[in-house]
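In: would you be able to build a 3D model of this:
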Amino acid sequence: MLNELALGFYRQMVMIRRFEERASRSYSEAKIGGYCHLNLGEEATVAGLCAALAPEDYLYTNYREHGYALARGISAERVMAELYGRSDGVSKGWGGSMHMFDIASRFMGGYGVVGGQVPLATGTALAIDYRGGGDVVVCLMGDGTTNIGAFHESLNMAALWSLPIVYVVNNNGLGMGTTVANSSAEPELHRRAASYRMPAARVDGNDPEAVYTAMQTALASARSGNPYLLETMTGRMKGHSVVDPARYRSKDEAAHAIAADPVASYADNLKVRDILTDEMIAQIDAESMKAVLRAVEFADASPHPEVSTLFDYTYATPVVNDSRRLPGDALYPAAPRPAATTRLEVIA
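Out: Coordinates of the predicted model:
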């Protein structure tokens, strides 16, 4: 069983790697617009974390979300179509890279505003507690989010009210281009939970098995009414987004990020343990590439959404007087002009 779990981790990591590499290429081909943040270098954290979740648990992410959507069970076709802005995408083409959402898999979306997901995830945990459910909310964020007020306010409320939530900080050492050491007086970010008497831990984010085990502990704590903060130490092999050349990194730092590649290191680990062979590596890679190419073909063939559907998913239920004004439309409708009259009609 352990071998099967390890192989599952590796398959998931390779799939995410090949998907993200293809997404980067599609962005350069102008098939993907807007911002695009990749999980390259974070595959082990994604695989280990999502494997620990129960189907009924809720997952909130930030804008670096493609891999989490895949690991949560959303098809590569729907994810790629969303990146392309097509109507068969997971958010009907209106969300794009940063705003995917799928209630069926309880994937509660990515959020473009730094930390925007943290209060919402905390509110979901409050709703679960209020209704008496056994679900847990997992709220992902980057290291930079730990410096905003909403992070501290949310952790404080979660601890006060014993909410079923796990906050996960993916610490890749860089909040965009600023190092954690230069932006956080306490660079060991899991220690911030001590201010709220909340259990916390730091784990090697390049080891999917370590992340999986740590998440099991965190989830068990949250289900028992003790919210948890987990810090995963994971890398970022590229810049903050696809268009970021990452010139703030020295050559040595860039080389270190490549050398710490979690996909390659985990493959070596499994080979030493006689769980993986070179032939299996080649087969898994080929299967992943085939799946990604199918996703690209699907996205290319998917139609663009109709402009008339732009506001169809703004609210879950109808809202009175909700605005459906498109860019360029007048704020208020023009008053109707009186009918033209002739001079004879006026004299009469």
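
In: would you list every one of the helices in the stretch 201-348 of the chain?
Out: In the stretch 201-348 of the chain, the helices defined using DSSP state H, counting those that start in this stretch lie at 208-223, 251-259, 262-272, 278-301, 343-347.

In: deepest-packed of these, please.
Out: Comparing those by mean neighbour count (mean count of other C-beta atoms under 10 Å), helix 208-223 ranks first with a mean of 20. To be clear about C-beta, it is placed using only N, CA and C from the backbone, and glycine gets the same treatment.

In: now the angle from that helix to helix 262-272?
Out: 110 degrees (axes from the mean of the first three to the mean of the last three C-alpha atoms, to 10 degrees).

In: how about low-confidence regions in the stretch 151-300 of the chain?
Out: For the stretch 151-300 of the chain, no stretch has pLDDT under 70.

In: average pLDDT for stretch 95-109?
Out: Here stretch 95-109 scores 93 as its mean pLDDT.

In: just the CA atoms of that stretch, as CSV, please.
Out: Extracted C-alpha coordinates of stretch 95-109, given in CSV (Å, rounded to 0.1, in the frame of the first residue of the first chain):
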residue,chain,number,x,y,z
GLY,A,95,-11.9,32.8,-14.4
GLY,A,96,-8.7,32.2,-16.2
SER,A,97,-5.5,31.2,-14.4
MET,A,98,-6.1,32.9,-11.1
HIS,A,99,-9.8,32.3,-10.5
MET,A,100,-10.8,28.7,-10.9
PHE,A,101,-13.7,27.3,-8.9
ASP,A,102,-15.4,23.9,-8.8
ILE,A,103,-18.0,23.3,-6.1
ALA,A,104,-18.3,19.6,-7.0
SER,A,105,-14.7,18.9,-5.9
ARG,A,106,-15.0,21.6,-3.1
PHE,A,107,-12.2,23.5,-4.8
MET,A,108,-13.1,27.0,-3.7
GLY,A,109,-11.0,28.9,-6.0
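
In: who's in contact with that stretch?
Out: Identification of contacts with stretch 95-109 by C-beta atoms under 8 Å, 6 or more residues apart in numbering yields 32-37, 55-61, 63, 65-66, 68-69, 72-74, 79, 82-83, 85, 89-91, 110-112, 117, 120-121, 124.

In: just checking, what packs against the longest helix seen in the chain?
Out: Using DSSP state H, we find that the single longest helix of the chain is helix 2-28. The helices and strands touching helix 2-28, judged by 3 or more C-beta pairs under 8 Å, 6 or more residues apart in numbering; DSSP states H and E, are helix 43-52, helix 66-71, helix 76-83, helix 208-223, helix 262-272, helix 278-301.

In: quick check: angle from the last one to helix 2-28?
Out: Taking the same axes, to 10 degrees, one finds that helix 278-301 is oriented at 40 degrees with respect to helix 2-28.

In: now do helix 278-301 and helix 76-83, the angle between them.
Out: Using the same axes, to 10 degrees, the direction of helix 278-301 lies 50 degrees away from that of helix 76-83.

In: where does helix 278-301 sit relative to the chain's centre, distance-wise?
Out: Centroid separation between helix 278-301 and its chain, computed with C-alpha atoms, centre = their mean, to the nearest Å, is 22 Å.

In: which ones are touching the nearest residue to residue 174 once chain neighbours are set aside?
Out: The shortest distance from residue 174 to any non-neighbouring residue, by C-beta to C-beta, 6 or more residues apart in numbering, is to residue 236 (6.5 Å). The contact partners of residue 236, taken as C-beta under 8 Å, 6+ apart, are 40-42, 172-174, 257.

In: please pick the buried ones from the contacts of stretch 95-109.
Out: Neighbour-count burial (16 or more other C-beta atoms under 10 Å) is assigned, among the contacts of stretch 95-109, to 32, 36-37, 57-61, 63, 65-66, 68-69, 72, 74, 79, 82-83, 85, 89-91, 110-112, 117, 120-121, 124.

In: among the contacts of residue 236, which lie within strands?
Out: Secondary structure defined by DSSP state E assigns residue 174 of those to strands.

In: show me which pair in the contacts of residue 236 is furthest apart.
Out: Maximum pairwise distance in the contacts of residue 236, criterion C-beta to C-beta, is 14.7 Å, between 40 and 173.

In: okay, the two: which has more neighbours?
Out: Legend: neighbour count by other C-beta atoms under 10 Å for residue 40 and residue 173, higher for residue 40 (24 against 17).
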